[in-house]
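Q: For reference, the sequence and a predicted model appear below.
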Amino acid sequence: MGLAFSVLASGSSGNAMYIETPKVKLLIDAGLSGKKLEQLLTKAACDPSELDGIIVTHEHSDHIKGLGVMARRYKLPVYANEKTWAAMEPLVGTIAADQKFHFSQSSTKTFSDLDIQSFPVSHDAADPMFFAFHHEGRKLVLATDMGYVSDTVKGVIQNADMMVFESNHDMNMLRMGRYPWSVKRRILGDSGHVSNEDAAYALCDVIGERTKRIYLAHLSKDNNMKELARMTAEQILKEKGHGVGESVHLFDTDPVNPTSIVTL
């Protein structure tokens, strides 16, 4: 086995990803109830009791809803940066001091045979960061919850073998939708979420020869559709000369069903 992963859930209602190497099993975010996370992990062929820890991207509820329950139930170490810890501690209940660890932004932490590189994103949270996972020359990237895709992000995720990448909303659906203007303005702002179109153009800048699979993630329930996100990405990538369906393949993620375990 190499570097394996499953996007357990992705969307406005909750986010979590499972990642595994021969020596480590980690949960990235825990944005659903403890019961639901257990069910999703079981579907992905992971026994929750075998987890080695939880890594947190930021403190929004769709990323930490079940964090406290999972940490306490399975005595899991939890890793987050200092500002995220300060913001989420009132939200997750008591976590024992010996389970609390710091993972600084723009740093690399080694978990046995897995190196995890953190990078900052532009989002309206205390100190949001996402990750590039490195194992035996393979790279998997998780990059969502971004108002825009910065040069820093592009530099870290360039030429990853696989990417889980935000494609949050369709611009027209959002503008014509039922959300109040204050919410629309937040989503459209530099600290909000990336649209289907902006995601596709950013992907054009970072896809490399190694890139084989892209998972379109964190789709809005109200302002997007899987088919629309995929169609937009496919059209723009093809226009820019990327062989979608040939060298690069696009995949959906889902708010309630995990993706199949894939090994790099």
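A: Looks like it arrived, so ask away. Computed from a predicted structure; not experimentally measured.
Q: quick one: the strands in the stretch 101-250 of the chain?
A: Counting by DSSP state E, counting those that start in this stretch, the stretch 101-250 of the chain has strands at residues 108-111, 114-120, 129-135, 138-143, 162-166, 213-217, 249-252.
Q: Kindly reformat those as a markdown table containing mean pLDDT and mean neighbour count.
A: Every residue, glycine included, has its C-beta placed from N, CA and C. Formatted as a markdown table, the strands of the stretch 101-250 of the chain follow (pLDDT from 0 to 100; neighbours: other CB atoms under 10 Å):
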| stretch | mean pLDDT | mean neighbour count |
| --- | --- | --- |
| strand 108-111 | 98 | 15 |
| strand 114-120 | 98 | 19 |
| strand 129-135 | 98 | 24 |
| strand 138-143 | 98 | 24 |
| strand 162-166 | 98 | 26 |
| strand 213-217 | 98 | 24 |
| strand 249-252 | 97 | 17 |
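Q: what's the closest of the ones you listed to Gln99?
A: For those, the distance to Gln99 is smallest for strand 108-111, at 15.1 Å, taking CB to CB.
Q: Can you give the strand pairings for the closest one, parallel or anti for each?
A: Sheet pairing of strand 108-111 (DSSP bridges) gives strand 114-120 (antiparallel).
Q: okay, the angle between the partner strand and strand 138-143?
A: For strand 114-120 against strand 138-143, the angle by axes from the mean of the first three to the mean of the last three CA atoms, to 10 degrees is 30 degrees.
Q: Summarise which helices and strands the host helix or strand of Leu41 is packed against.
A: Secondary structure from DSSP states H and E places Leu41 in helix 34-43. Under the contact definition 3 or more CB pairs under 8 Å, 6 or more residues apart in numbering; DSSP states H and E, helix 34-43 sits against strand 4-9, strand 16-20, helix 67-74.
Q: Break down the stretch 51-200 of the chain into its helices, ranges please.
A: Per DSSP state H, counting those that start in this stretch, the stretch 51-200 of the chain carries helices over the ranges 61-64, 67-74, 82-92, 151-157, 171-176, 181-188, 196-206.
Q: Pull out the buried residues from the fifth one.
A: It refers to helix 171-176. The neighbour-count check on helix 171-176 (16 or more other CB atoms under 10 Å) flags Met173, Leu174 as buried.
Q: Can you tell me what sits against it?
A: The contact list for helix 171-176 (CB atoms under 8 Å, 6 or more residues apart in numbering) reads Lys184, Ile187, Leu188, Ser195, Asn196, Glu197, Ser220, Asp222, Asn223, Asn224, Leu228.
Q: rerun at 7 Å
A: By CB atoms under 7 Å, 6 or more residues apart in numbering, the residues outside helix 171-176 that reach it are Lys184, Ile187, Ser195, Glu197, Asn223, Asn224.
Q: now, which of those residues sits nearest Tyr148?
A: Nearest member of the contacts of helix 171-176 to Tyr148, counting by CB to CB, is Ser195, at 9.9 Å.
Q: Quick check: beta-bridge partners of the closest one?
A: His169.
Q: Asn81 versus that one, what's the distance?
A: 27 Å (CB to CB, to the nearest Å).
Q: With Lys43 instead?
A: With CB to CB as the criterion, Lys43 and Asn81 are 30 Å apart.
Q: Of the two, give the one with the bigger neighbour count.
A: Shown here are Lys43 and Asn81; by other CB atoms under 10 Å, Asn81 has more neighbours (23 against 15).
Q: Surely that one and Ser104 touch.
A: Yes: using CB atoms under 7 Å, Asn81 makes contact with Ser104 at a distance of 5.6 Å.
Q: quick revisit: as JSON lines, the helices and strands packed on helix 34-43 with mean neighbour count would be great.
A: Formatted as JSON lines, those follow (neighbours: other CB atoms under 10 Å):
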{"stretch": "strand 4-9", "mean neighbour count": "25"}
{"stretch": "strand 16-20", "mean neighbour count": "26"}
{"stretch": "helix 67-74", "mean neighbour count": "20"}
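Q: Would you tell me which of those gets closest to Leu237?
A: Using CB to CB, the nearest of the helices and strands packed on helix 34-43 to Leu237 is strand 4-9, at 19.8 Å.
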